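> structure of the sequence below:
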Amino acid sequence: MPSLVALIERPKDPGPAIALLVARVGLAPAEARMRLAPEPPALVVRHEDAVALAEALTKAGAPALAIDLEQRQAPVLARSFELGPGQVTFFGRTGNETEMSYGEIRLILRGLRMTSSEVTKTETTRKFDIGKAIMTQGLMLSKTVKREVRSELKTSYHAAMIYGPRESVLLDEAELTYQSLGSAIKPARVENLNTLVGELRKRAATARYDDRLLRLGSRPLPLEPSDPFDVIAEILNQAQLR
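Residues are numbered from 1 along each chain as shown. Reported below is the predicted structural model:
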């Protein structure tokens, strides 16, 4: 199955990269330019030989990498946590524990996750009915018409991804409990998430922090139907490992 090619830095001169996408992928020049235009990290194309194409784009002045989302290790979804003197322990829904020493944490991403669901509601309207008007001699001029209207409801949640040497942990404001913050706990979940992320940044002083997902995590993706947060987080993770 083809993997994704992602741009991780904007090229100073997009010309050579555009020519490469035209020659190897068959994109029209305008389409190739558009694929290279968004703020990185950005998905460029799905390709059978994504590794070779990413290497060629990098040599052409458009740093890129290949992402295989099916091969990535899914993050642990944390339900609670405990900040210890030298490590943080995250607890999952089934009680499973993921422990990271603060020195092991290498990357902290802060952003927004998007969820979508279909909402169905019934709309009722009145419509003029000439047949009913004739039958009732003008006493009743309309009839009730009901129809179902479907729409997509999108909701955003604040979240963070914590990367250690082997595992990653997803902190979702809608899933996480904050009792272990003690007296520092706030009424709003996003404030508590910010407090937790701030503590982790302070204690894991060598970890890289990136908050681009606050802007990019809700950006529609052209090639992948997955949650933009998950996809862009994996690109940022792989970029740091280069």
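
> ranges for the strands of this structure?
Taking DSSP state E as the criterion, the chain contains strands spanning 3-7, 42-47, 64-67, 76-77, 80-83, 87-91, 97-101, 107-128, 142-163, 168-172, 208-212.

> run through who's touching the shortest one.
Yep, that's strand 76-77 we're talking about. When contacts are taken as CB atoms under 8 Å, 6 or more residues apart in numbering, the neighbours of strand 76-77 outside the stretch itself are 90, 92, 93, 96, 98, 167, 168, 169, 170, 172, 175. (Glycine included, C-beta is placed from N, CA and C.)

> so which of those residues is the closest to residue 65?
Of all those, the one sitting nearest residue 65 is residue 168; the distance, using CB to CB, is 17.3 Å.

> could you check the pLDDT of residue 196?
According to the per-residue confidence, residue 196 scores 97 in pLDDT.

> isn't it up against residue 184?
No: between residue 196 and residue 184 there is no contact under CB atoms under 8 Å: 9.3 Å.

> which one's more surrounded, these two?
Neighbours of residue 196 and residue 184, each counted by other CB atoms under 10 Å, are more numerous for residue 196; the result is 23 against 13.

> for the more buried one, what are its contacts?
If you count contacts by CB under 8 Å, 6+ apart, residue 196 has them with 81, 160, 171, 176, 178, 181.

> where does the chain have its least confident helix or strand?
The helix or strand of the chain with the poorest confidence is helix 130-135; it has a mean of 61 (mean pLDDT, DSSP states H and E).

> please parse the protein into its domains.
Residue ranges of the domains in the chain are recorded as 3-70, 75-113+154-219, 117-152, according to automatic domain parsing.

> using TSV, lay out the ones you listed together with distance to residue 228.
What follows is the domains of the chain, written out as TSV (distance: least, CB to CB, whole Å):
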stretch	distance to residue 228
domain 3-70	10
domain 75-113+154-219	6
domain 117-152	15
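
> deepest-packed of the strands of the chain, please.
Of all the strands of the chain, strand 3-7 carries the top mean neighbour count, a mean of 25, counting by mean count of other CB atoms under 10 Å.

> where does the prediction get shaky in this structure?
Low-confidence segments of the chain, defined by pLDDT under 70: 1-2, 115-120, 125-145, 149, 151-154, 218, 222-226.

> just want the most central residue of it.
Closest to where the C-alpha atoms of the chain average out (CA atoms, centre = their mean) is residue 229, at 1.2 Å.

> would you confirm that that residue contacts residue 156?
No: with contacts defined as CB under 8 Å, residue 229 does not count as touching residue 156, sitting 9.4 Å away.

> quick check: neighbours shared by those two?
Shared contacts of residue 229 and residue 156, counting by CB under 8 Å, 6+ apart, come down to 112, 113, 114.
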